[in-house]
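>>> Predicted coordinates and the sequence they were generated for:
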Amino acid sequence: MVKENKQIANWEFKDFARTVFWFALHTLIFICGFFAVLYVNSGFDLQVLTLHLKSEGEVQNLVYLVIAMCLVSIGIYLYFYHENNAFIKETRNINLVFLILELCIAITYGMGKYSMYARPFALCALLSLILIEKRTAIFMNTVCCFLMFMIDAFLTIKVVEGHRLYASLLIGFSTSILAIYLVSGITSRLKVFLMGFVISLPIIICTLCLETDSLLINPIPLVIYGFTSGMSSVVGMMAILPVLEKIFNRVTVYKLYELTDHKAPLLQKLNEKAPGTFNHCLIVSTLAESCASAIGEDPLLARACAYYHDIGKIEHPEYFTENQSGYNPHNEITPELSVDIIRSHATDGARIIKEHKLPSILSDVAEQHHGTLHIRYFYMQASKFSEETLPLKDFAYKGPRPQTKIAAILMLADACEAKARSLPVRSHEKVDEAVREIIEERMDFDQFYECDITMKDLDVIRKTLTNSLAGVHHDRVEYPKLKIGGNKYE
């Protein structure tokens, strides 16, 4: 799971109209699904369905179900609007939320035709946990369990025994909450798979307690149903997850591990074409990860963004200092052209990431990590050949400025790593002074104006960067020369 902060976005009337439309559309899909379930439960026999609807109170129950579904949708809307309306403001996120519910209800209902106790109770909770976040997973699990109870209570033509009617609600809610806290923080797919056995245990216990008559005769089928429920939840989650990741461009912990593997295609290309930049990105990733952990952001996401923030340099690697070995091509061109090449690596990086269909957070950070800062060296070079004062904006990055804390961290880690490398004396005091200058300069140019980073965060980042850089760029002890057998060793 990638951590998502609670955010408040500015909404206009069109945003309310659009989000209400999509909620209404998915509510209608659910209502149509209810009628489809009723038709399936009638054995696909319209005569049986008609007779059922003519039974006393059945039409009223159906009307009640439709009204209840509308109220559930309103509840979902209010939850997301007050908890994280920046998330629900995006149409694709609304579709993600409802698609998770629709898929899980359909799969759970289908498995329930085989056995009510074999249902993948934790599927909705696990998908929501990995694709959205923990609090939302708990809420979505509650909604899913409630919807399944509504289906069992109002759309079953045959009479359901009392304890079986409530079994899905009770077992589903309790075991799914357990699954959320068991799986949360696990980054290995194998460990998640093994958790399926653990999730199965409370399902088996509840099933055996509810079916005491069957327990005395033959408990083996009940045990099998319990294991089927637990394992189908994790297996279903791992099967559906890559599809939803791709469709909705979601960044999960598993996706981040794939992106930060040095064998990832773009990283291999960066290492081949711009090895200096690749090594710079590795150091920046360590710094960014430490800073993200220090202020409560997702360190794995920070590492992934650091790996790809300079990917645009593969277009013209020889024009960047870390890839040069003596010859500097900037000496052969004008400062204006140099600026165009240097600042293009931000936009080129965003374009390359989008072309490879990687998560949008990576392209956003690649484009934002220099904000709208000016490129001072080439501005000074150009000023030597001009009698007039040159406009700073012609020698500045195009932006936008950092929009998130992760982008702000990358801006600082990137600049501080390069600055520390150039320091003749890399004592703790000198590094701290350099880091302070970089932070203050970016504050003077309002680079953090559009993200929610605080002064406290910046102070924590400063201390973290100073400690990390003073450790990375430390002075080496000069080893004495050793002479053995006429040969000199150093």
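Great, that's in hand.
>>> so what's Leu25 up against?
With contacts taken as Cβ atoms under 8 Å, 6 or more residues apart in numbering, Leu25 has no neighbouring residues. All C-beta spots, glycine's among them, are computed from the backbone N, C-alpha and C.
>>> And for Phe154?
Asn61, Leu62, Tyr64, Leu65.
>>> Any idea how far the host helix or strand of the third one is from the middle of the chain?
The reference is to Tyr64. In this assignment (DSSP states H and E), Tyr64 forms part of helix 58-88. Average the C-alpha atoms of helix 58-88, do the same for its chain, and the two points are 26 Å apart (Cα atoms, centre = their mean, to the nearest Å).
>>> which strands and helices sit next to it?
helix 13-41, helix 46-54, helix 91-114, helix 134-154 (3 or more Cβ pairs under 8 Å, 6 or more residues apart in numbering; DSSP states H and E).
>>> what stretches of the stretch 1-150 of the chain score poorly on pLDDT?
1-9 (pLDDT under 70).
>>> which stretches of the stretch 151-300 of the chain form helices?
162-183, 189-210, 212-217, 220-248, 253-259, 265-273, 275-294, 299-308 (DSSP state H, counting those that start in this stretch).
>>> How is this structure partitioned into domains?
Per automatic domain parsing, the structural domains of the chain span 13-250, 255-472.
>>> model confidence over the shortest one, on average?
The reference is to domain 255-472. Throughout domain 255-472, pLDDT has a mean value of 94.
>>> Please identify the most buried of the helices and strands packed on helix 58-88.
Of those, the one with the most neighbours on average (mean count of other Cβ atoms under 10 Å) is helix 134-154, at a mean of 20.
>>> How many residues are close by Ser386?
When neighbours are counted by other Cβ atoms under 10 Å, Ser386 registers 9.
>>> Which two of the contacts of Phe154 have the greatest separation?
Leu62 and Tyr64 (7.2 Å; Cβ to Cβ).
>>> and those two? which has more neighbours close in?
Leu62 (18 against 14).
>>> Next one: the closest residue to the more buried one other than its chain neighbours relative to Pro359, how far apart?
Leaving out its chain neighbours, the residue that sits closest to Leu62 by Cβ to Cβ, 6 or more residues apart in numbering is Phe154, at 6.9 Å. Separation of Phe154 from Pro359 (Cβ to Cβ, to the nearest Å) stands at 41 Å.
>>> do Val435 as well
From Val435 to Pro359 the distance is 29 Å (Cβ to Cβ).
>>> Neighbour count: the two, which is higher?
Val435 (25 against 21).
>>> secondary structure element for that one?
Using DSSP H and E, the element containing Val435 is helix 428-444.
>>> list the helices and strands that helix packs on?
By 3+ Cβ pairs under 8 Å, 6+ apart, helix 428-444 packs against helix 405-422, helix 455-472.
>>> do you know how far Tyr377 is from Ile342?
Separation of Tyr377 from Ile342 (Cβ to Cβ): 9 Å.
>>> Compare these two (neighbour count), which wins?
Ile342 (20 against 14).
>>> how about that one, what does it touch?
By Cβ under 8 Å, 6+ apart, Ile342 lies in contact with Tyr319, Phe320, Ile375, Phe378.
>>> Of those, which is the most crowded?
Ranking the contacts of Ile342 using other Cβ under 10 Å puts Phe378 first, with 21 neighbours.
>>> mind checking how far the closest residue to Ile29 other than its chain neighbours is from Leu244?
Leaving aside its sequence neighbours, Ile29 sits nearest to Glu102 (Cβ to Cβ, 6+ apart; 6.7 Å). According to Cβ to Cβ, Glu102 and Leu244 sit 12 Å apart.
>>> Which residue is the nearest non-sequential neighbour of Ala382?
Pro335 (3.9 Å).
>>> hang on, the one you found packs against Ile375?
No. Contact criterion Cβ atoms under 8 Å: Pro335 and Ile375 do not qualify, at 9.0 Å.
>>> residues shared between the contacts of those two?
Phe395.
>>> Let's have the helices and strands packed on helix 428-444 in CSV, adding distance to Phe248 and mean neighbour count.
Conversion of those to CSV gives the following (distance: least, Cβ to Cβ, whole Å; neighbours: other Cβ atoms under 10 Å):
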stretch, distance to Phe248, mean neighbour count
helix 405-422, 19, 23
helix 455-472, 29, 18
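>>> okay if I get those as a markdown table plus distance to Leu165?
Listed next are those as a markdown table, based on distance: least, Cβ to Cβ, whole Å:
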| stretch | distance to Leu165 |
| --- | --- |
| helix 405-422 | 47 |
| helix 455-472 | 51 |
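>>> closest to Ala167 out of these?
Taking the helices and strands packed on helix 428-444 one by one with Cβ to Cβ, helix 405-422 is closest: 43.7 Å.
>>> Return the alpha-carbon coordinates of the closest one using PDB.
This file holds the C-alpha atoms of helix 405-422, laid out as PDB (Å, rounded to 0.1, in the frame of the first residue of the first chain):
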ATOM      1  CA  LYS A 405       6.000  16.600  -0.100                       C
ATOM      2  CA  ILE A 406       7.700  13.800  -2.100                       C
ATOM      3  CA  ALA A 407       8.500  16.200  -4.900                       C
ATOM      4  CA  ALA A 408       9.800  18.800  -2.400                       C
ATOM      5  CA  ILE A 409      12.000  16.200  -0.800                       C
ATOM      6  CA  LEU A 410      13.400  15.200  -4.200                       C
ATOM      7  CA  MET A 411      14.100  18.900  -5.000                       C
ATOM      8  CA  LEU A 412      16.200  19.300  -1.900                       C
ATOM      9  CA  ALA A 413      17.900  15.900  -1.900                       C
ATOM     10  CA  ASP A 414      18.900  16.400  -5.600                       C
ATOM     11  CA  ALA A 415      20.400  19.800  -5.000                       C
ATOM     12  CA  CYS A 416      22.000  19.000  -1.700                       C
ATOM     13  CA  GLU A 417      23.700  15.900  -3.000                       C
ATOM     14  CA  ALA A 418      25.300  17.800  -5.900                       C
ATOM     15  CA  LYS A 419      26.300  20.700  -3.600                       C
ATOM     16  CA  ALA A 420      27.900  18.400  -1.000                       C
ATOM     17  CA  ARG A 421      29.900  16.700  -3.800                       C
ATOM     18  CA  SER A 422      31.400  20.000  -4.700                       C
END
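>>> Compute the inter-axis angle for that helix and helix 428-444.
130 degrees (axes from the mean of the first three to the mean of the last three Cα atoms, to 10 degrees).
>>> How far does helix 405-422 sit from its chain's centre?
Using Cα atoms, centre = their mean, the offset of helix 405-422 from its chain centre is 22 Å.
>>> What is it packed up against?
Right, helix 405-422 is packed against helix 275-294, helix 299-308, helix 360-368, helix 428-444, helix 455-472 by 3+ Cβ pairs under 8 Å, 6+ apart.
>>> Let me know which of those helices is the nearest to Asn328.
Of those, nearest to Asn328 by Cβ to Cβ is helix 275-294, at 13.2 Å.
>>> Give the buried residues for the closest one.
By neighbour count with 16 or more other Cβ atoms under 10 Å, helix 275-294 contains the buried residues 277-278, 280-281, 283-292, 294.
>>> cool, stretch 251-271 as well?
251-256, 259-260, 264, 266-267, 270-271.
>>> follow-up on the earlier one: I'd guessed the residue nearest to Ile29 sits against Leu28; true?
No. Counting by Cβ under 8 Å, Leu28 is not a contact partner of Glu102; they are 11.8 Å apart.
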